[in-house]
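Q: here is my input; please provide its structure:
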Amino acid sequence: MDEIDRKILMQIQENAKQNTKEIASKVGLSVTPTYERIKKLEQRGIIASYVGVLDRTKIGKKLIAYCQVTLSKQQKKLADSFKREMLLLPDIMECHQVSGNFDYLLKIAVDDIAGFHEFINEKLSIINGIATIHTSFVLNSVKDSTAYNL
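A: Okay, the predicted model is just below:
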């Protein structure tokens, strides 16, 4: 991956709806080589998908919570089961296995505190093998980006 590829990727991250001609003019190439580079980036899996980033507050997801989850045992079977369960819960935006004082960090988006209460009581806390859940609520977002620095 060279500097032109990085510029193309930055343009796609900024606005994936740009057409190839627009991207080409911004990175200093003609349309055909730009198109070919984009296709190669897709084929190599560097561009995994094209998505729309929604304004969560406008769709009612006003509360973001981060839950630190510790499992009751450090067993592969339990961890695999937990991971499968995480994939089934659409309110969980992200699930990361982490090092440190807990095992997983979850990012949860819900409508409000009542929605979070329901999520915890009806969905998360009933999963087998969870020992503890510690939650922090987002009060204000200073930076909220989906773009990687290239």
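Q: so what touches the helix or strand where Ile23 lies?
A: For Ile23, the element it lies in under DSSP states H and E is helix 20-27. With contact meaning C-beta atoms under 8 Å, 6 or more residues apart in numbering, helix 20-27 is reached by 4, 7-8, 11-12, 30-31, 33-35, 38. Yep, even glycine has a C-beta here, placed from its N, CA and C like the rest.
Q: from Gln18, how far out is the residue most central in space within the chain?
A: By C-alpha atoms, centre = their mean, the chain has its centre lying nearest to Glu94, at 5.2 Å. According to C-beta to C-beta, to the nearest Å, Glu94 and Gln18 sit 26 Å apart.
Q: what comes up buried for stretch 44-62?
A: Within stretch 44-62, the residues that count as buried by 16 or more other C-beta atoms under 10 Å are 47, 61.
Q: do me a favour and get the end-to-end distance for it?
A: One end of stretch 44-62 to the other measures 36 Å (C-alpha to C-alpha, to the nearest Å).
Q: ranges for the helices of the chain?
A: Using DSSP state H, the helices found in the chain span residues 3-14, 20-27, 31-43, 76-87, 113-119.
Q: so how far is Asn121 from Ser145?
A: Applying C-beta to C-beta, the value for Ser145 to Asn121 is 32 Å.
Q: ugh, wrong one, Asn101
A: Using C-beta to C-beta, Asn101 is found at 24 Å from Asn121.
Q: enumerate every residue touching Val110.
A: Residues near Val110 by C-beta under 8 Å, 6+ apart: 61, 63, 65, 91, 116, 119.
Q: now for these: which two are most distant?
A: Taking C-beta to C-beta as the measure, the contacts of Val110 reach their widest spread between Lys61 and Phe119, a distance of 11.8 Å.
Q: coming back round to it: among the contacts of helix 20-27, which one lies nearest to Gly52?
A: Looking across the contacts of helix 20-27 and measuring by C-beta to C-beta, the closest to Gly52 is Ile12, at 13.1 Å.
Q: for the residue lying farthest from the centre of the chain, give its distance to Gly129.
A: Here the chain reaches farthest from its C-alpha mean at Ser30, the gap being 32.8 Å by C-alpha atoms, centre = their mean. From Ser30 over to Gly129 the distance is 56 Å, taken as C-beta to C-beta.
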